[in-house]
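Visitor: Got a predicted model here, sequence first, then my questions.
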Amino acid sequence: KRLLLACPFNKKDPARYGRCHRVTLTKISFVKQHLSRKHQLPIYCSRCMSTFDTEAERDTHARASACELSPIVNLEGITEAQRKRLREKVPSGMNEEQQWFTIFDMLFPDFSPRPRTAYIDPDLSEELCSFRDFATNAGSGIMIQQLRDNGFIGDLCDSQISSLLETVITDGFQVIIERW
Ligand SMILES: [Zn+2]
Ligand SMILES: [Zn+2]
């Protein structure tokens, strides 16, 4: 069975980008195409957070300056600079998965932990994939908080122990899913 590459946004936040689970991305160029078509950062007004089809419309709106200040909305998408970098050729000698991770790291430089794989798991249902990605991203934080709330670890638990605990718990989730 041919492995399908995942949309990097779906790997980062499966709940928010669930619809991207269904896209058929068989090669890196399709991933890039999907990103520039479906994940472009909208053109928006930074005061009222309205979005526009063109920069000219936004500028006309901004010059009228009658809009109300709204709370910042977390708009997520590819910036113009990132779009340029997506068009660059990848260094030769990189395999498909390495190329995918280069894209992922460029989009989400500080995101941790990185996804386990660049592919959509063909043996798991969409819901289980989504659960696994959620458990990998948020599971250890939730478990550590539970341990803390119940007094098993102190508030001042040093950072080395807590990052070790994080790794152990994240690995634990993988084992649970593999054995299921
Ligand atoms: Zn997507
Ligand atoms: Zn505005």
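Guide: The structure has been received and is ready for your questions. Ligands and ions are numbered 1, 2, ... in the order given.
Visitor: So for residue 116, what's the nearest residue that isn't a sequence neighbour?
Guide: Leaving out its chain neighbours, the residue that sits closest to residue 116 by Cβ to Cβ, 6 or more residues apart in numbering is residue 136, at 6.6 Å. Every C-beta, even on glycine, is put in place using the N, C-alpha and C of the backbone.
Visitor: gap between that neighbour and ligand 2?
Guide: 38 Å (Cβ to the ion, to the nearest Å).
Visitor: Please name the residues that touch that residue.
Guide: The contact partners of residue 136, by Cβ atoms under 8 Å, 6 or more residues apart in numbering, come to 113, 115, 116, 170, 173, 174.
Visitor: ok, now residue 126?
Guide: Residue 126 neighbours (Cβ under 8 Å, 6+ apart): 18, 21, 22.
Visitor: Which helix or strand in this structure has the lowest average pLDDT?
Guide: helix 126-134 (a mean of 76; mean pLDDT, DSSP states H and E).
Visitor: Show me how far it is from its chain's centre.
Guide: 13 Å (Cα atoms, centre = their mean, to the nearest Å).
Visitor: for it, which positions count as buried?
Guide: Residues of helix 126-134 classed as buried: 129, 130, 131, 132, 133 (neighbour count, 16 or more other Cβ atoms under 10 Å).
Visitor: Can you add distance to residue 11 and give those back as CSV?
Guide: Formatted as CSV, these follow (distance: Cβ to Cβ, whole Å):
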residue, distance to residue 11
129, 10
130, 11
131, 14
132, 11
133, 6
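Visitor: and of the residues you listed, the nearest to residue 90?
Guide: Nearest to residue 90 out of those is residue 133 (Cβ to Cβ; 24.6 Å).
Visitor: wait, what's in contact with that closest one?
Guide: 11, 14, 115.
Visitor: so of these, which ones are in helices?
Guide: Under the assignment DSSP state H, the contacts of residue 133 contribute residue 11 to helices.
Visitor: Among the contacts of residue 133, which one has the most neighbours?
Guide: residue 11 (27 neighbours; other Cβ atoms under 10 Å).
Visitor: Cross-check the contact I'm expecting between that one and residue 119.
Guide: No: the criterion here is Cβ atoms under 8 Å, and residue 11 misses it with residue 119 at 9.6 Å.
Visitor: related to what we said a few turns ago, looking at the contacts of residue 126, which is nearest ligand 2?
Guide: residue 18 (29.8 Å; Cβ to the ion).
Visitor: Next one, pLDDT for residue 42 please.
Guide: According to the prediction, residue 42 has pLDDT 87.
Visitor: Sounds good, over and out.
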